[in-house]
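Asks: only geometry, no sequence info:
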């Protein structure tokens, strides 16, 4: 499990009253994302971003190399997780 308090990031695209925004990723033994949970104003968009990663069983490092996300986005919030 990887737990992130999004409001603690150096920059996060948070919504109004998102001081407690948090993201949890469930990863397997190969560091592949197998589940996600988020509590925030942008949770629907952030979870949607992960669905292809989970459903297609894509390596997160490959995903980061090949996907170009618009800034500010989930990609910036999680940029250091899979380095």
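Replies: Okay, I see it. The structure presented is a predicted model; accordingly, all values stated were derived computationally and were not measured.
Asks: Could you use CA atoms for every contact and neighbour count after this?
Replies: Noted.
Asks: Could you list the low-pLDDT ranges of this protein?
Replies: The chain contains residues with pLDDT under 70 at 9-13, 68-83.
Asks: what about the strands in it?
Replies: Applying DSSP state E to the chain gives strands spanning 2-5, 22-27, 33-39.
Asks: could you redo those strands as CSV and give each row distance to residue 48?
Replies: Shown next, in CSV, are the strands of the chain (distance: least, CA to CA, whole Å):
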stretch, distance to residue 48
strand 2-5, 17
strand 22-27, 13
strand 33-39, 10
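Asks: Look up phi and psi at residue 58.
Replies: phi -90, psi 140 (degrees, to the nearest 10).
Asks: re the thing from before, ok, which of the strands of the chain comes nearest residue 53?
Replies: Smallest distance to residue 53 across these (CA to CA): 7.0 Å, for strand 33-39.
Asks: What residues sit buried inside that closest one?
Replies: 33-36, 38 (16 or more other CA atoms under 10 Å).
Asks: wait, doesn't residue 22 sit right on residue 2?
Replies: No - counting by CA atoms under 8 Å, residue 22 does not reach residue 2; the two are 10.6 Å apart.
Asks: More neighbours: which of those two?
Replies: More neighbours surround residue 22 than the other of residue 22 and residue 2, with 17 against 11 (other CA atoms under 10 Å).
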